[in-house]
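**Q** Predicted model follows, preceded by the sequence.
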2 protein chains.
Amino acid sequence: MSDGPPRFRPFRKDFRWEDVARLAYKDDGEAPFRDVTRQVLFASPDLMGELRYFEVGPGGFSSLERHRHVHAVMILRGAGRCLVGTEIRAVSPYDLVTVPPLTWHQFRAAADAPLGFLCMVDAERDRPELPGPDDLAALCADPAIAAFLRGEGPDG
Amino acid sequence: MSDGPPRFRPFRKDFRWEDVARLAYKDDGEAPFRDVTRQVLFASPDLMGELRYFEVGPGGFSSLERHRHVHAVMILRGAGRCLVGTEIRAVSPYDLVTVPPLTWHQFRAAADAPLGFLCMVDAERDRPELPGPDDLAALCADPAIAAFLRGEGPDG
C-alpha cells in the first residue's frame, strides 16, 4: 500500500471531495483578497507538481500578485474574469489560463456566481510578491485595469 | 511576452480547447488500448508537472500498465470504471484517482458514455511497463479483475 492519499476520493456535492480539507486561501493579513478557499487535491513527495482547487465566492477576488513560478489554471465552476499581465478576460468552465513568470494576475468571481478553478504549480516554488505603490500606479495607468482592480466591470 | 502557450485558451465544445492539438494516445502497437485520445493542456520548461486530458470513447479502454511515476487524476466527463492495484471503482465527474508507483491500472469508459479525465504527471518520468503472462495470471486470479479486463461488468 502507498503512504499517499486514498486511491479513490469521490467528489461530494458543492465542489468538496472526500478526504480533502477546505483551507484558508492565505493567512490573515498576508495579502488583500476576499472570500477565497483552497483545497489541495494532489500534493505528494512522489510528485513534482501540485494540483489545487480554489474557489472565489460571488464578488470575491484572489490577491493581486506575481512570482517566478507558473500557474497552470483550468476553470472548473461558475464565472468571472482574470487579469494576466495587462489582459483581462471573462472566463467560464474548462477555459485554460497560463500565468507566466513574474506576471501580475488576479482572479475575480462574477457578482452572482462563484469562480472555481484548478491550479497546477511546482511543489517547490517562490513566494508571491505583492504590488507596491509604483506597480499599482503602472497597472492603473490602463483605465480598464484600474476598473478591474476596483471590482468594476461587466460582471462585478 | 512569454514563449509559452497563449495566456488564455478558451474551451470549445466537446472537450476541445483553442490552440490544443488532439493527439494519438500512444503509438500504434505500443500497447493494447481502444479508442483513446490525448490533449496536452499544460507542458512547459517552466513547469515540473504536466497536465493532460485523456478521453476514452464509449466501450474503450486505456492500456493496462504500471510505472514508477504517479498519476494524479480528476475525472472530467462521462462515466466508467478504473482498476488501480486490485481495486475497481465506478467513477464520475470530479472524482479523484491516485495511481501510486508501480501499480497496475486501467481506465474503461462505460458502454454508453465516454470517460474523460485530467491526469497530472511529472514532466520527467519513466516509460510504462506492460504486464507479462505472469502478471496477467496474478491479476486474473481475482474473478472481478478478470471480468474487468475482459470488459465485462456493470457498465461494460
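**A** Here it is on my side, so go on. Fair warning: this is a prediction, and the values are worked out from it, not measured in the lab.
**Q** So what's the residue count around A:Asp112?
**A** Other residues near A:Asp112 come to 11 when the count uses other C-beta atoms under 10 Å in any protein chain shown. Every residue, glycine included, has its C-beta placed from N, CA and C.
**Q** And it, what's its pLDDT?
**A** Per-residue pLDDT puts A:Asp112 at 96.
**Q** so the spatially closest residue to it that is not a sequence neighbour is in which element?
**A** Spatially, and ignoring its direct neighbours in sequence, A:Asp112 is nearest to A:Pro58 (5.8 Å; C-beta to C-beta, 6 or more residues apart in numbering or on different chains). Using DSSP states H and E, A:Pro58 maps to strand A:49-61.
**Q** Do a quick rundown of the strands in chain A.
**A** Per DSSP state E, chain A carries strands over the ranges A:8-9, A:11-12, A:16-17, A:23-24, A:34-42, A:49-61, A:71-78, A:80-84, A:87-91, A:96-99, A:105-109, A:115-122.
**Q** so what's the nearest residue to A:Pro5 once chain neighbours are set aside up against?
**A** Closest residue to A:Pro5 apart from its sequence neighbours, by C-beta to C-beta, 6+ apart: B:Thr98 at 5.5 Å. With contact taken as C-beta atoms under 8 Å, 6 or more residues apart in numbering or on different chains, B:Thr98 is in contact with A:2, A:4-9, A:42, A:44, B:70-73, B:84.
**Q** Listing partners with orientation, what would you give for the helix or strand of chain A with the lowest mean pLDDT?
**A** One helix or strand of chain A scores below all others by mean pLDDT, DSSP states H and E: strand A:23-24, with a mean of 89. If you go by DSSP bridges, strand A:23-24 pairs up with strand A:34-42 (antiparallel).
**Q** now the angle from the partner strand to strand B:71-78?
**A** Orientation of strand A:34-42 against strand B:71-78 (axes from the mean of the first three to the mean of the last three C-alpha atoms, to 10 degrees) gives an angle of 110 degrees.
**Q** Would you mark the buried spots in strand A:34-42?
**A** Within strand A:34-42, the residues scored as buried using 16 or more other C-beta atoms under 10 Å in any protein chain shown are A:36-37, A:39, A:41-42.
**Q** for stretch A:21-33, same thing?
**A** Of all the residues in stretch A:21-33, those buried under the rule 16+ other C-beta under 10 Å are A:25-26, A:31, A:33.
**Q** What's the local residue count around A:Ala137?
**A** Neighbours around A:Ala137, by other C-beta under 10 Å: 11.
**Q** and what of A:Arg7?
**A** 20.
**Q** per-residue confidence at it?
**A** 96.
**Q** just A:Ala31 next, same as before
**A** A:Ala31 carries a pLDDT value of 77.
**Q** Would you check that it makes contact with A:Arg127?
**A** No - with contact defined as C-beta atoms under 8 Å, A:Ala31 does not count as touching A:Arg127 (10.4 Å).
**Q** Now tell me what touches stretch A:104-115 from outside.
**A** When contacts are defined by C-beta under 8 Å, 6+ apart, stretch A:104-115 is touched by residues A:35, A:54-66, A:71, A:75, A:77-85, A:91, A:99, A:117, A:131, A:135, A:139, A:148-149, A:151, A:155-156.
**Q** Let me see the contact set for the residue of chain A found nearest chain B.
**A** With C-beta to the nearest C-beta as the measure, A:Gly49 is the residue of chain A nearest to chain B, at 2.3 Å. Applying C-beta under 8 Å, 6+ apart, we find A:Gly49 in contact with A:42, A:120-123, B:47-51, B:72, B:120, B:122.
**Q** any chance of these in JSON lines, plus pLDDT and distance to B:Ala110?
**A** Listed next are those as JSON lines, based on pLDDT from 0 to 100; distance: C-beta to C-beta, whole Å:
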{"residue": "A:Phe42", "pLDDT": "98", "distance to B:Ala110": "25"}
{"residue": "A:Met120", "pLDDT": "98", "distance to B:Ala110": "28"}
{"residue": "A:Val121", "pLDDT": "98", "distance to B:Ala110": "33"}
{"residue": "A:Asp122", "pLDDT": "98", "distance to B:Ala110": "35"}
{"residue": "A:Ala123", "pLDDT": "98", "distance to B:Ala110": "34"}
{"residue": "B:Leu47", "pLDDT": "98", "distance to B:Ala110": "32"}
{"residue": "B:Met48", "pLDDT": "98", "distance to B:Ala110": "34"}
{"residue": "B:Gly49", "pLDDT": "98", "distance to B:Ala110": "29"}
{"residue": "B:Glu50", "pLDDT": "98", "distance to B:Ala110": "27"}
{"residue": "B:Leu51", "pLDDT": "98", "distance to B:Ala110": "24"}
{"residue": "B:Ala72", "pLDDT": "98", "distance to B:Ala110": "23"}
{"residue": "B:Met120", "pLDDT": "98", "distance to B:Ala110": "24"}
{"residue": "B:Asp122", "pLDDT": "98", "distance to B:Ala110": "30"}
